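[1] have a look at this prediction, sequence included:
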Amino acid sequence: MQVMRGWATRYAPWVGLVSILGTAQDALAGDYEGSPQVAEFVGEMTRDYGFAGEQLMGVFREAERKQSILDAISKPAERVKQWNEYRPMFITDARIARGVDFWRQHEAVLARAEQEYGVPAQVIVSIIGVETFFGRNTGNFRVIDALSTLGFDYPPRAEFFRKELREFLLLAREEQIDPLTLKGSYAGAMGLPQFMPSSFRAYAVDFDGDGHINIWNNPDDAIGSVASYFKRHGWVAGEPVVSRADVRGEQVDEGLTTGIEPTKTVGELLALGWSSHDALRDDMPVTAFRLEGDNGPEYWMGLKNFYAITRYNRSVMYAMAVHQLSEQLVQARGVK
């Protein structure tokens, strides 16, 4: 992983850029001009991270409060879909075909990532496919607008998004990127793999060795960064992801995992009427879950690599979609 550069070596060019942006807009008060919250935040960034306050205020003069972002994050949650409704959203002929093309186009880089991090190429491709349809849907909001809006105008999660705003400004300085130009989702997720700024700074890598990390339009860096993320979250090379289970008896539901954390072992599930299709050690912790498939209930045991996928998105169905799309990609590509 590329070592993050200290602010002292890269501070001057970034400050010069922001100074230009700020002075060009001095006469136009932005949505956050005069905001006590912003003033406090800028003070913290100045004190703790060496930013120049006036130049940083130049960024916030151009940041815009977006009601559409507040509407998106505040809207009532949709009815939780069943697996037989969720799966077809991500495992489609079009996504599989595009995934095979992406794999072939970046075969050498994917092979190198698999060799270096132990994460299969098909899993890396699947993540990028599920997250952004291989770059088709990376988000149209400026990240500075998304994180400012949610950090200063969305009290329920303001602390979280102000932390991400801090990380975003740091990464922009470290990478010498104009912070007003980067785009992402309404929540501030960025690039082909949809990393939040804190994930970018912790796990993203300069996989092509050009001295910068670019997950927006450099597939090499995006591929390496996804592999890095999974490796750091416990992916074990060569290990399976899930195991199908058969169930019987009246205690089956007692084995179902509440949440995501693997709280029961294979042996404990066996005592409750679960039996795996695969040979698993009795002491192996698993996430036990049931999905409503096209042909009725399906019972599964999620293994360590399954749990690693849920670190990307804390959803059993998300992890299953990634896993099954990866299997479909292997089949469509003809790779054993």
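    Structure received.
[2] can we go C-alpha only for contacts and neighbour counts from here?
    Will do.
[3] now do the contacts for Val247.
    Shown in contact with Val247 (Cα atoms under 8 Å, 6 or more residues apart in numbering): 273-275, 299.
[4] center of this protein, which residue is that?
    Phe195 (4.2 Å; Cα atoms, centre = their mean).
[5] surely that one meets Ser185?
    No - with contacts counted by Cα atoms under 8 Å, Phe195 stays clear of Ser185, the gap being 9.9 Å.
[6] the closest residue to Phe133 other than its chain neighbours sits in which helix or strand?
    Of all residues not flanking Phe133 in the chain, Arg95 sits nearest, at 6.8 Å (Cα to Cα, 6 or more residues apart in numbering). Using DSSP states H and E, Arg95 sits within helix 93-105.
[7] what's that helix packed up against?
    Packing contacts for helix 93-105, counted by 3 or more Cα pairs under 8 Å, 6 or more residues apart in numbering; DSSP states H and E, involve helix 121-132, helix 316-333.
[8] and the longest one, what's buried?
    This points to helix 316-333. By neighbour count on 16 or more other Cα atoms under 10 Å, the buried set for helix 316-333 is 316-330, 333.
[9] thinking again about what came up before, the contacts of Val247 in strands, which ones?
    274-275, 299 (DSSP state E).
[10] quick check, nearest of those residues to Arg136?
    Tyr299 (33.4 Å; Cα to Cα).
[11] so how many other residues sit close to the closest one?
    When neighbours are defined as other Cα atoms under 10 Å, Tyr299 has 21 of them.
[12] residues touching it, list them.
    For Tyr299, the contact set (Cα under 8 Å, 6+ apart) comprises 244-247, 288-291.
[13] could you do Phe195 as well?
    By Cα under 8 Å, 6+ apart, the contact set of Phe195 is Ala189.
[14] other residues contacting stretch 226-242?
    Residues contacting stretch 226-242 (Cα under 8 Å, 6+ apart): 1, 113-114, 117-120, 124, 127, 193, 203-205, 300-306, 308-309, 311, 323.
[15] restricted to strands, list the residues you listed.
    Short answer: those in strands (DSSP E) are 300-302.
[16] show me the shaky parts of this protein.
    1-29, 77-78, 335-336 (pLDDT under 70).
[17] Asp101 is nearest to which of the helices and strands packed on helix 93-105?
    Across these, closest to Asp101 is helix 316-333 (Cα to Cα), at 9.0 Å.
[18] so what does the closest one touch, helix or strand wise?
    By 3+ Cα pairs under 8 Å, 6+ apart, helix 316-333 packs against helix 83-90, helix 93-105, helix 121-132, helix 304-310.
[19] phi, psi of Val247?
    Backbone torsions for Val247, taken as degrees, to the nearest 10, come to phi -130, psi 150.
[20] how far away is it from Phe168?
    47 Å (Cα to Cα, to the nearest Å).
[21] repeat for Asp101
    As judged by Cα to Cα, Asp101 and Phe168 stand 32 Å apart.
[22] do Ile128 as well
    Distance of Ile128 to Phe168, given as Cα to Cα: 21 Å.
[23] just checking, Gly267 touches Leu280?
    No - judged on Cα under 8 Å, Gly267 makes no contact with Leu280 at a distance of 9.1 Å.
[24] apart from its chain neighbours, what residue comes closest to Ala121?
    According to Cα to Cα, 6+ apart, the nearest residue to Ala121 is Leu110 (5.3 Å).
[25] end-to-end on stretch 187-204?
    Termini of stretch 187-204 sit 18 Å apart (Cα to Cα).
[26] chain center to it, what's the gap?
    Put simply, stretch 187-204 sits 6 Å off its chain's centre (Cα atoms, centre = their mean, to the nearest Å).
[27] ok, which stretches of this protein are strands?
    Along the chain, counting by DSSP E, strands occupy 141-142, 183-184, 242-247, 264-265, 274-276, 285-293, 296-302.
[28] show me which residues of the third one are buried.
    Neighbour-count burial for strand 242-247, with 16+ other Cα under 10 Å as criterion, is recorded at 242-243, 245, 247.
[29] could you dump these to CSV with distance to Arg173?
    CSV is the format used below for the buried residues of strand 242-247 (distance: Cα to Cα, whole Å):
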residue, distance to Arg173
Val242, 41
Ser243, 45
Ala245, 50
Val247, 54
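[30] let's see the distance spanning stretch 108-127 from one end to the other.
    Across stretch 108-127, first to last residue, Cα to Cα, it's 18 Å.
[31] need the residues that contact it.
    With contact meaning Cα under 8 Å, 6+ apart, stretch 108-127 is reached by 99, 102-103, 193, 220, 223-224, 226-228, 230-231, 235-238, 322-323, 325-327, 329-330.
[32] rerun that using 7 Å as the cut-off
    The contact list for stretch 108-127, computed with Cα atoms under 7 Å, 6 or more residues apart in numbering, reads 99, 103, 220, 223-224, 226-228, 231, 235, 237, 322-323, 325-326, 329-330.
[33] so Asn139 touches Lys183, yeah?
    No, residue 139 isn't Asn; it's Gly. Yes - between Gly139 and Lys183 a contact is recorded at 6.4 Å, counting by Cα atoms under 7 Å.
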